[in-house]
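Enquirer: Sequence and predicted structure are below.
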Amino acid sequence: MNIKALFKILILLLLMALGIGSCTSNKKAVEVTSQEKKAFEQKEGDTITIANDSLEYDIIIIEPGYNVWLQSIAKPRQYYSQSFLENRNNIYVREWNARVMQPQRYSPNLYELQINYDFNINYGYEVNYQLYNYFIYFQRKYNQRLGPFVPRI
């Protein structure tokens, strides 16, 4: 084998190593506070209904600890604009629904049902606020990532 061929193989191996290295995830688990851990460890089921009566739309969330988390840890109402919430919910709902359709890849125990969220409907602030916060709660509790954003409080 001549030096040119050896050099090409070395370059190819180097590029492959860099490619493999860039495929590994640098995503660290989100740091969860002790107050959040208490909410996540709740055993009794909370049932939250998010509704917009004028649109006849509601979401029912049955998740132990969510209401405690929402009341004590989530950012207060009006912290985010409605357009911010709608944009994030758009991303999260699309990814959520994609995962529901792939039970062989994503746990059907986490992603049970699709969310029927029409991006062209104005559901109002409260629906968007609570849906967004559920996505943040869910991602932090189950160490999931539904989009390119780190789920922060």
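Expert: Structure received.
Enquirer: burial count for Y142?
Expert: Around Y142 there are 11 other residues, counting by other C-beta atoms under 10 Å. The C-beta positions use only the backbone N, C-alpha and C, and glycine is treated the same way.
Enquirer: Just list the residues touching it, thanks.
Expert: Y142 sits next to L110 when contact means C-beta atoms under 8 Å, 6 or more residues apart in numbering.
Enquirer: Tell me how far it lies from I59.
Expert: Y142 sits 18 Å away from I59, going by C-beta to C-beta, to the nearest Å.
Enquirer: Check which residues of stretch 99-111 are buried.
Expert: Buried residues in stretch 99-111, defined by neighbour count with 16 or more other C-beta atoms under 10 Å: R99, V100, Y106, Y111.
Enquirer: Distance across that stretch, terminal residue to terminal residue?
Expert: By C-alpha to C-alpha, to the nearest Å, the extent of stretch 99-111 from end to end equals 6 Å.
Enquirer: Equivalent analysis for stretch 113-122, please.
Expert: Length of stretch 113-122, first residue to last, C-alpha to C-alpha: 22 Å.
Enquirer: By mean pLDDT, flag the weakest helix or strand of this protein.
Expert: helix 3-23 (a mean of 45; mean pLDDT, DSSP states H and E).
Enquirer: and after that helix, which helix or strand comes next?
Expert: Per DSSP states H and E, the first helix or strand lying C-terminal to helix 3-23 is helix 34-40.
Enquirer: Enumerate every residue touching K75.
Expert: Taking C-beta under 8 Å, 6+ apart as the contact definition, K75 lies against N133, I153.
Enquirer: Looks to me like it is in a helix.
Expert: No. Under DSSP: H, G, I helix; E, B strand; the rest coil, K75 falls outside any helix and is assigned coil.
Enquirer: And it, what's its pLDDT?
Expert: As predicted, K75 sits at a pLDDT of 94.
Enquirer: start at 51 instead
Expert: From this message on, residue numbering opens at 51, which makes the last subject K125.
Enquirer: all helices of this structure, in order?
Expert: Using DSSP state H, the helices of the chain run over residues 53-73, 84-90, 116-122, 132-150, 175-192.
Enquirer: Worst mean pLDDT among those?
Expert: Minimum mean pLDDT among the helices of the chain: helix 53-73, a mean of 45.
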